[in-house]
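> Turn this into a model:
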Amino acid sequence: MRYILLLALITQIALSCNSPKKEKTPEEIEKAKQDSIENVRREQEEAEKKRPRTAADIKLKKELKYDKYTLEDKYPYNDTFRVFQWEKIKEKLAYIENFQREHNQYGLVSNYKNKHGEAPTVTNFKRNAYKRVSDTLGTERYQSAPLYKVGETKLPTIYGRDGSLVKMLSSDTLKMVKVKGLTNFDGEWDIPKRYVKSLGDTLSFKHIVVVDVTNQNICALDHVDDTWYIRSMNKATTGKHNPPYAMETPVGMFLVQEQKAKMFYYKDGTTSIEGFAPWASRFTNGAYIHGVPVNNPKGQIIETSWSLGTVPRSHMCVRNASSHSKFIYDWVKPFTSLVIVID
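Numbers count the residues shown, from 1 in each chain. From the prediction side, this is the model:
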């Protein structure tokens with residue numbers, strides 16, 4: 001029986017080989033060619049969509065929405081020049097575009113004024129110039145959240161700064177939530193649930209404020225279609241390292257968390273209100289983007305100051321012209337806008 005089946009198969013193959021092949025018409029040849037080209041185009045499009053964005057992919061276009069005190073890309077300062085570091089800014093924008101292409105359940109590390117409890121001491125800690133406990137990366141315990149190696153709950157390894165964005169890898173109903181750092185720290189960590197606020201999976205970060213602590217300037221950008229539009233370019237004055245009270249503005253990427261039309265502040269070392277700063281948007285710890293400080297709780301708003309754009313002199317905050325801080329105040333929205341601090 002097997003020999004009969006084998007003979008039939010050989011006969012079928014022979015007949016098939018001997019039968020004349022049907023030639024394709026010119027129309028069929030052209031269609032096959034176009035189909036092949038279309039398939040290649042689709043494959044290229046899919047590969048392009050998956051390719052990580054780089055600074056070279058970022059399109060910047062200047063269309064100001066706030067046009068007072070506008071600086072040039074390069075401008076004189078004393079006997080030298082200062083600049084807007086567009087290439088560095090493009091790198092940050094590319095990073096934001098890349099993590100937004102993933103499916104993220106976003107979370108926010110939050111512990112302003114230790115409102116969720118003081119974080120435990122990390123395994124290897126040191127005291128900084130302010131005599132405060134900090135981790136090996138320099139992040140202070142005060143106003144931060146403890147980050148534990150996954151599966152370990154005895155002592156935290158590092159601190160997560162207030163205002164940092166994370167990807168949530170487990171439910172926030174658990175005592176310890178597993179997260180992946182998106183800004184300010186890398187890797188996967190466990191964090192007690194009281195220190196992380198779930199933000200959902202539908203956020204789109206299109207409004208970005210960039211503060212440059214080296215050049216003492218600030219710019220606002222928003223994302224429309226495939227282009228980042230520059231909406232303002234202004235002077236700023238950032239935080240000064242000056243223990244025990246004044247602190248530098250921390251470099252990193254933070255989520256805008258709250259806003260105050262008037263942010264009242266204490267006189268150093270007291271609980272007496274010394275004055276206020278107008279149109280304040282808080283992004284990490286006690287750091288706000290705000291207008292010119294008024295050293296009188298009942299005083300009038302001051303529009304600008306000679307000190308803007310000179311050298312760091314604030315207590316961590318970012319000062320700018322009061323009308324510009326009002327522009328930022330109206331333009332950004334808490335929990336959907338990012339502040340990037342570069343050096």
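> And the helices in the protein?
Listed in chain order, the helices of the chain (DSSP state H) span 2-18, 26-50, 86-100, 322-331.
> The shortest one: which residues count as buried?
The neighbour-count check on helix 322-331 (16 or more other CB atoms under 10 Å) flags Ser322, Ser323, His324, Ser325, Lys326, Phe327, Ile328, Tyr329, Trp331 as buried. From N, CA and C alone the C-beta is placed, and that goes for glycine too.
> next one: the longest one
Of the residues in helix 26-50, none are scored as buried under the neighbour-count criterion (16+ other CB under 10 Å).
> That helix: how far from the chain's middle?
Centroid separation between helix 26-50 and its chain, computed with CA atoms, centre = their mean, to the nearest Å, is 38 Å.
> who touches it?
Lys24 (CB atoms under 8 Å, 6 or more residues apart in numbering).
> repeat that for 10 Å
Here helix 26-50 makes contact (CB atoms under 10 Å, 6 or more residues apart in numbering) with Lys22, Glu23, Lys24, Thr25, Asp57, Arg101.
> quick one: which of the buried residues of helix 322-331 is nearest Ile340?
Nearest to Ile340 out of the buried residues of helix 322-331 is Ile328 (CB to CB; 13.3 Å).
> Could I get the pLDDT score of that closest one?
In this model, Ile328 is scored at 98, pLDDT.
> Does it touch Ser281 like I think?
Yes - between Ile328 and Ser281 there is a contact under CB atoms under 10 Å: 5.9 Å.
> what is in contact with these two at once?
Here Ile328 and Ser281 share the contacting residues Val209, Val256, Gln259, Ile289, His290, Val318, Ser337, Val339, scored by CB under 10 Å, 6+ apart.
> which of those sit farthest apart?
By the measure CB to CB, His290 and Ser337 form the most distant pair in those, at 15.2 Å.
> So the two - more neighbours on which side?
Using other CB atoms under 10 Å, the more surrounded residue of His290 and Ser337 is His290, with 28 against 22.
> Show me the beta-bridge partners of the more buried one.
Going by DSSP bridges, His290 is paired in beta bridges with Arg319.
> Please tell me I have it right and it contacts Leu308.
No - between His290 and Leu308 there is no contact under CB under 10 Å: 11.9 Å.
> what about stretch 279-288, how long is it end to end?
End-to-end distance of stretch 279-288 (CA to CA, to the nearest Å): 9 Å.
> Same check on stretch 78-91?
Counting by CA to CA, you get 29 Å between the two ends of stretch 78-91.
> Next, the buried residues of it.
By neighbour count on 16+ other CB under 10 Å, the buried set for stretch 78-91 is Arg82, Phe84, Gln85, Trp86, Lys88, Ile89, Lys90, Glu91.
> quick revisit: mind putting the contacts of helix 26-50 into JSON lines with distance to Lys126?
Shown next, in JSON lines, are the contacts of helix 26-50 (distance: CB to CB, whole Å):
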{"residue": "Lys22", "distance to Lys126": "81"}
{"residue": "Glu23", "distance to Lys126": "81"}
{"residue": "Lys24", "distance to Lys126": "77"}
{"residue": "Thr25", "distance to Lys126": "80"}
{"residue": "Asp57", "distance to Lys126": "40"}
{"residue": "Arg101", "distance to Lys126": "38"}
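> which residues does the closest residue to Asn320 other than its chain neighbours contact?
Once flanking residues are discounted, Asn320 sits nearest to Ala236: 4.8 Å by CB to CB, 6 or more residues apart in numbering. For Ala236, the contact set (CB under 10 Å, 6+ apart) comprises 209, 211-213, 215-219, 249, 289, 308-309, 312, 314, 317-321, 324-325.
> Show me how this protein divides into domains.
Annotated domains of the chain cover 59-101+204-342, 106-200 [automatic domain parsing].
> Can you add distance to Lys31 and give the ones you listed back as TSV?
Compiled in TSV, these are given as follows (distance: least, CB to CB, whole Å):
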stretch	distance to Lys31
domain 59-101+204-342	33
domain 106-200	46
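> tell me the centre residue of the chain?
Met253 (4.3 Å; CA atoms, centre = their mean).
> which stretches of the stretch 1-150 of the chain have low pLDDT?
Regions of the stretch 1-150 of the chain meeting the criterion pLDDT under 70 cover residues 1-21, 45-46, 48-49.
> one more time with 90, if that's ok
1-51, 102-103 (pLDDT under 90).
> Now that Gly163 has come up, it's in contact with Ala287, right?
Yes - shown here, Gly163 and Ala287 form a contact pair, counting by CB under 10 Å, at 8.1 Å.
> Identify the contacts common to these two.
Common neighbours of Gly163 and Ala287, using CB under 10 Å, 6+ apart, are Pro250, Phe254, Val339.
> isn't the first one right next to Arg161, touching?
When you say that, I think you mean Pro250. Yes - the criterion here is CB under 10 Å, and Pro250 meets it with Arg161 at 6.8 Å.
> list the residues that contact both of the two?
Contacts common to Pro250 and Arg161, judged by CB under 10 Å, 6+ apart, are Thr139, Glu140, Asn184, Thr284, Asn285.
> Can you verify my assumption that the second one contacts Ser134?
This means Glu140. Yes - counting by CB under 10 Å, Glu140 does reach Ser134; the two are 4.7 Å apart.
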